[in-house]
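> sequence first, predicted model second:
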Amino acid sequence: MEKTEKIWFNGRLVDWDDAKVHVLTHTLHYGLGVFEGIRCYRTEDGRSALFRLEDHTERFFASAHIAQMKMPYSKEEINQAIVDTLRVNGLEEAYIRPIAFIGYGNMGLYPGDNPVDVVIAAWKWGAYLGEEGIKRGIRAKVSSFTRHHVNVAMTKAKIVGNYVNSILAKREVVSCGYDEAIMLDPDGFVSEGSGENIFIAKEGVLKTPPLTSVLRGITRDSVIEIAWDLGIEVVEERFTRDELYTADEAFFTGTAAEITPIREVDDRTIGKGKPGPITELIQKVFFDVIRGKNKQYKHWLRWI
């Protein structure tokens, strides 16, 4: 991670090295906190734009509501804080991480009236699964760890502690030489990656798991809209791992991963073992959008 100068911490811009919390911070021990991942891109005209900022902030607050955490700031204040953090650090392109967590006070599982702290950090971050992965596709493996059941963890919230499940899955497959994990839901159907949504294409139709036990990804939502506008049918439907093996194409979507093709799963080649025509078309439109080249989706950009 490339360190920047300032981090927004409870309404103040503080030096990066001074953004610290007490070791008895409640979320550090019990995992109840919420976060977002947002990207800012430099567009073709030299300006910078945040991709779907309002949608990310809406989900940030929805996650806090699910977690019964009362946010001490308004959505507008958070949006402005994100812009201020980018500006003070002179970042034209960045990954932005807002996080809200239960602070120092009572210990034990019930946090009582502990404060809710909010932090926003931003730094330069390239392709999450690698530039080569964006171009050629990555190798994935189905993890032995199952994705959350809807009544075990709140699957519609980006809750800090939920991601232990993702870390275990990611470590498992990386130790075996793969780039990313694919996780099955409690019924054995394909759910998502460790931190991404997943799509497959078969005979010209895109398919993605329904929003039962998966997070509603903002990039996922963008891809669905782009696909329909391109005349590509999209089906939100469960599918099995062997259906994934026999897909013509497959790709991950996410703020960090953007649109990353999957060329191999469990040592089985997907399609021709390289990004397929649907994946490449959606990639092209998506990257044109975030670079400000496609005016049809300009409402997704917040200029700074």
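Arrived safely.
> from here on, contacts and neighbour counts on C-alpha atoms
Fine.
> okay, and Arg87 sits in which element?
helix 75-88 (DSSP states H and E).
> which outside residues touch that helix?
Identification of contacts with helix 75-88 by C-alpha atoms under 8 Å, 6 or more residues apart in numbering yields 5-8, 11, 13, 53-54, 57-58, 61, 92, 94, 96, 120-122, 304.
> can you select the buried ones from these in ChimeraX?
Only the buried entries of the contacts of helix 75-88 go into this ChimeraX selection, using 16 or more other C-alpha atoms under 10 Å:
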select :5,6,7,8,11,13,53,54,57,61,92,94,96,120,121,122
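> if we can go back for a sec, report the angle between the following helix or strand past the helix holding Arg87 and helix 75-88.
Sequence order places strand 94-102 as the next helix or strand after helix 75-88, per DSSP H and E. Angle, strand 94-102 to helix 75-88, by axes from the mean of the first three to the mean of the last three C-alpha atoms, to 10 degrees: 130 degrees.
> need the strands for the stretch 51-200 of the chain, in chain order.
Applying DSSP state E, counting those that start in this stretch to the stretch 51-200 of the chain gives strands spanning 94-102, 116-123, 138-142, 180-184, 190-193, 197-202.
> the helix or strand that comes right after the last one - contacts with which helices or strands?
If I follow you right, that is strand 197-202. Using DSSP H and E, the helix or strand that follows strand 197-202 in sequence is strand 205-208. With contacts defined as 3 or more C-alpha pairs under 8 Å, 6 or more residues apart in numbering; DSSP states H and E, strand 205-208 has these neighbours: strand 197-202, strand 234-236.
> same for the last one, what does it pack against?
Strand 234-236 makes packing contacts with strand 205-208, helix 218-229 when contacts are defined by 3+ C-alpha pairs under 8 Å, 6+ apart.
> what do you get if the cut-off is 7 Å, keeping everything else the same?
strand 205-208 (3 or more C-alpha pairs under 7 Å, 6 or more residues apart in numbering; DSSP states H and E).
> give the pairing partners of the strand it packs on; include direction for each.
In the sheet, strand 205-208 lines up against strand 197-202 (antiparallel), strand 234-236 (parallel) (DSSP bridges).
> burial-wise, tell me which of the helices and strands packed on strand 205-208 comes out on top.
Ranked by mean neighbour count, these are led by strand 197-202 with a mean of 24 (mean count of other C-alpha atoms under 10 Å).
> send the alpha carbons of it over as CSV?
The C-alpha trace of strand 197-202 is given here as CSV (Å, rounded to 0.1, in the frame of the first residue of the first chain):
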residue,chain,number,x,y,z
ASN,A,197,-19.6,-11.2,-7.8
ILE,A,198,-19.4,-13.7,-10.6
PHE,A,199,-21.0,-14.0,-14.0
ILE,A,200,-21.0,-16.8,-16.6
ALA,A,201,-21.9,-16.7,-20.3
LYS,A,202,-23.4,-19.6,-22.2
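> starting at the chain centroid, how far to it?
16 Å (C-alpha atoms, centre = their mean, to the nearest Å).
> tell me the angle of it relative to strand 180-184?
Using the same axes, to 10 degrees: strand 197-202 against strand 180-184 is 80 degrees.
> tell me what angle strand 197-202 forms with helix 218-229.
Using the same axes, to 10 degrees: strand 197-202 against helix 218-229 is 30 degrees.
> give me the contact list for strand 197-202.
192, 206-208, 217, 220, 244, 247-254 (C-alpha atoms under 7 Å, 6 or more residues apart in numbering).
> so how far is Glu237 from Tyr163?
24 Å (C-alpha to C-alpha, to the nearest Å).
> more crowded one of those two?
Ranked by neighbour count (other C-alpha atoms under 10 Å), Tyr163 and Glu237 place Tyr163 first, with 15 against 11.
> pLDDT wise, what is that one at?
pLDDT for Tyr163: 97.
> just Met71 next, same as before
Reported pLDDT for Met71: 98.
> again with Ile7
On the pLDDT scale, Ile7 gets 98.
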